[in-house]
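S.K.: Provided below are the primary sequence and the corresponding predicted coordinates.
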2 protein chains.
Amino acid sequence: MEGVTVERRDVLADAAIAVLADAGMRGLTHRAVDAAAGLAEGTSSYYFRTRAALLQACVDRLAAQTLAEVPRGGGPSDVDGLVDVSVAIVGRWLTADRARLVARWELALESTRRPELGTALRDAGRRIRERVAATLHGLGIADPERRADDLVACLDGLAFDQLAGAGPERDAAGLRAAVRDLVHGLVTAGPAPGPG
Amino acid sequence: MEGVTVERRDVLADAAIAVLADAGMRGLTHRAVDAAAGLAEGTSSYYFRTRAALLQACVDRLAAQTLAEVPRGGGPSDVDGLVDVSVAIVGRWLTADRARLVARWELALESTRRPELGTALRDAGRRIRERVAATLHGLGIADPERRADDLVACLDGLAFDQLAGAGPERDAAGLRAAVRDLVHGLVTAGPAPGPG
């Protein structure tokens, strides 16, 4: 029965993530999660007693899903390949993974007020950045850890700009051009001269 | 008396922005805004009858403040100067303007659900990007509009990563290096070869 229980927890966490994306922190209630999951009222509060437990379940689920998706090896063989992978990831964030992305940002903002939420977010974030750094290292790019940190932050910024921000709407070609220029700019441009 | 009324509205909007940053969308109530402003209960609901009006007041106030701060001309005379200006802006976001930044992100996420909020955010965002593009144009940088869009989105991403995201904490030197590499990478690197 363990398998069933685990699955039920994941279903509820996915429903909570969908509610967060659709209705924000203010709309996230146990009742809304039960409804979104198509389960009897009281189900989510049985598995996740408190609101804090529900938020933690969202964070843990997002972290597990993201880590399962970012490849651990067998990455691109050149910078153009890295562009392709980056474009694919950002493109998926903006379409199939849109709800997860909005929920992640909601939780990240909430973690400025509930530091305990930040622990799992930062842990997943660190492991993803390590995998990106390993890819950059494999491509022979200097200072791969720092470049990975910058690249992930900027790709997230482009996605936010596109999905919720104040920038112009980009079509697929425009988004690809932005990601391409960012990747090339960050990983192939040497550091600026001078102590700057 | 008009002047007094305008000032009172600004005081309330600033208080609402502070509440948004401190307590999130869920904590934003007329009562909390009155308390944060140190004004009698009922004051904010007198000026901003509905929750939607209160949110709109936050967006309008943020937009007006941001536009007042981004210089309209007399910008940097070279790319290193552009780095300095960018570092200063991001540095201020992370310190003195932290509450306004968190509130802006909260409102941006909420605008995915309340499209009317997105209008003022996008209008301010467009005007800021136009000013950045004018600066880039003055520096002789090719394709200044597109570079401005990318730069603003990525600086926002670096700030989010630092303030609420999952990236490593950067000290002042680390943040400066990231901004410098981003600016140099985006504005001095030519487009990648090929149709990309």
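M.R.: Perfect, I can see it now.

S.K.: Surely A:Asp22 is in contact with B:Thr112?
M.R.: No: using C-beta atoms under 8 Å, A:Asp22 is not in contact with B:Thr112, being 9.2 Å away. The C-beta positions use only the backbone N, C-alpha and C, and glycine is treated the same way.

S.K.: centre of the chain versus stretch A:83-97, how much separation?
M.R.: Distance, stretch centre to chain centre, for stretch A:83-97: 11 Å (C-alpha atoms, centre = their mean, to the nearest Å).

S.K.: same question, stretch A:68-77
M.R.: The answer for stretch A:68-77 is 16 Å, by C-alpha atoms, centre = their mean.

S.K.: Please state the offset of stretch A:137-148 from the chain centre?
M.R.: For stretch A:137-148, the distance to the chain centre is 21 Å (C-alpha atoms, centre = their mean).

S.K.: Ok, stretch A:27-40 next?
M.R.: The answer for stretch A:27-40 is 23 Å, by C-alpha atoms, centre = their mean.

S.K.: low-scoring stretches of chain A, by residue?
M.R.: A:1-6, A:71-73, A:189-196 (pLDDT under 70).

S.K.: ranges for the helices of it?
M.R.: A:2-27, A:30-37, A:43-47, A:51-69, A:79-94, A:98-110, A:115-138, A:144-163, A:172-188 (DSSP state H).

S.K.: What residues of the third one count as buried?
M.R.: What that stands for is helix A:43-47. In terms of neighbour count (16 or more other C-beta atoms under 10 Å in any protein chain shown), helix A:43-47 has its buried residues at A:43-45, A:47.

S.K.: now swap in the first one and tell me
M.R.: Of the residues in helix A:2-27, those scored as buried under the neighbour-count criterion (16+ other C-beta under 10 Å) are A:8-9, A:11-25.

S.K.: What is that helix packed up against?
M.R.: helix A:30-37, helix A:43-47, helix A:51-69, helix A:98-110, helix B:2-27 (3 or more C-beta pairs under 8 Å, 6 or more residues apart in numbering or on different chains; DSSP states H and E).

S.K.: tell me the angle the first one makes with helix A:51-69.
M.R.: Meaning helix A:30-37. For helix A:30-37 against helix A:51-69, the angle by axes from the mean of the first three to the mean of the last three C-alpha atoms, to 10 degrees is 40 degrees.

S.K.: Which residues outside helix A:30-37 are in contact with it?
M.R.: A:11-12, A:14-16, A:18-19, A:23, A:40-45, A:48, A:51, A:54 (C-beta atoms under 8 Å, 6 or more residues apart in numbering or on different chains).

S.K.: Quick one: residues contacting A:Arg113.
M.R.: Residues near A:Arg113 by C-beta under 8 Å, 6+ apart: B:22-24.

S.K.: Just put those residues in a markdown table and tack on distance to B:Val79.
M.R.: Below are the contacts of A:Arg113 laid out as a markdown table (distance: C-beta to C-beta, whole Å):
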| residue | distance to B:Val79 |
| --- | --- |
| B:Asp22 | 38 |
| B:Ala23 | 40 |
| B:Gly24 | 38 |
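
S.K.: Among the residues you listed, which one sits closest to chain A?
M.R.: B:Gly24 (5.3 Å; C-beta to the nearest C-beta).

S.K.: measure the residue nearest to that closest one when sequence neighbours are not counted to B:Val79 for me?
M.R.: Closest residue to B:Gly24 apart from its sequence neighbours, by C-beta to C-beta, 6 or more residues apart in numbering or on different chains: A:Met25 at 5.3 Å. Look at A:Met25 and B:Val79: by C-beta to C-beta, to the nearest Å, they are 40 Å apart.

S.K.: Over to A:Asp143?
M.R.: To B:Val79, A:Asp143 is 20 Å away according to C-beta to C-beta.

S.K.: Let me know how buried the nearest residue to A:Val152 once chain neighbours are set aside is, in neighbour terms.
M.R.: Nearest residue to A:Val152, sequence neighbours excluded (C-beta to C-beta, 6+ apart): A:Arg129, at 5.6 Å. Residues contacting A:Arg129 under the criterion other C-beta atoms under 10 Å in any protein chain shown number 24.

S.K.: thinking A:Arg129 is in contact with A:Asp150, fair?
M.R.: No: applying C-beta under 8 Å, one finds A:Arg129 not in contact with A:Asp150, separated by 9.9 Å.

S.K.: tell me the contacts of A:Arg8?
M.R.: A:43, A:47.

S.K.: count of residues packed around whatever residue of chain A ends up closest to chain B?
M.R.: Residue of chain A nearest chain B, by C-beta to the nearest C-beta: A:Gly157 (1.7 Å). For A:Gly157, the neighbour count with other C-beta under 10 Å is 27.

S.K.: And A:Leu136, by the same measure?
M.R.: 23.

S.K.: For the closest residue to it other than its chain neighbours, which residues are in contact?
M.R.: Leaving aside its sequence neighbours, A:Leu136 sits nearest to A:Pro144 (C-beta to C-beta, 6+ apart; 3.8 Å). Applying C-beta under 8 Å, 6+ apart, one finds that A:Pro144 lies in contact with A:133-134, A:136-137.

S.K.: same thing but at 6 Å, please
M.R.: For A:Pro144, the contact set (C-beta atoms under 6 Å, 6 or more residues apart in numbering or on different chains) comprises A:133, A:136-137.

S.K.: could you dump the residues you listed to JSON lines with distance to A:Asp171?
M.R.: JSON lines is the format used below for these (distance: C-beta to C-beta, whole Å):
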{"residue": "A:Ala133", "distance to A:Asp171": "31"}
{"residue": "A:Leu136", "distance to A:Asp171": "28"}
{"residue": "A:His137", "distance to A:Asp171": "33"}
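
S.K.: before we move on, the earlier item: surely the residue of chain A closest to chain B meets B:Cys154?
M.R.: Yes: under the criterion of C-beta atoms under 6 Å, A:Gly157 makes contact with B:Cys154 at 4.8 Å.

S.K.: Report the contact partners of the residue nearest to A:Ala57 when sequence neighbours are not counted.
M.R.: Computed as C-beta to C-beta, 6+ apart, the closest residue to A:Ala57 that is not its neighbour in sequence is A:Ala13, at 4.4 Å. Contact analysis of A:Ala13 by C-beta under 6 Å, 6+ apart lists A:57-58, A:61.

S.K.: Sounds good, over and out.
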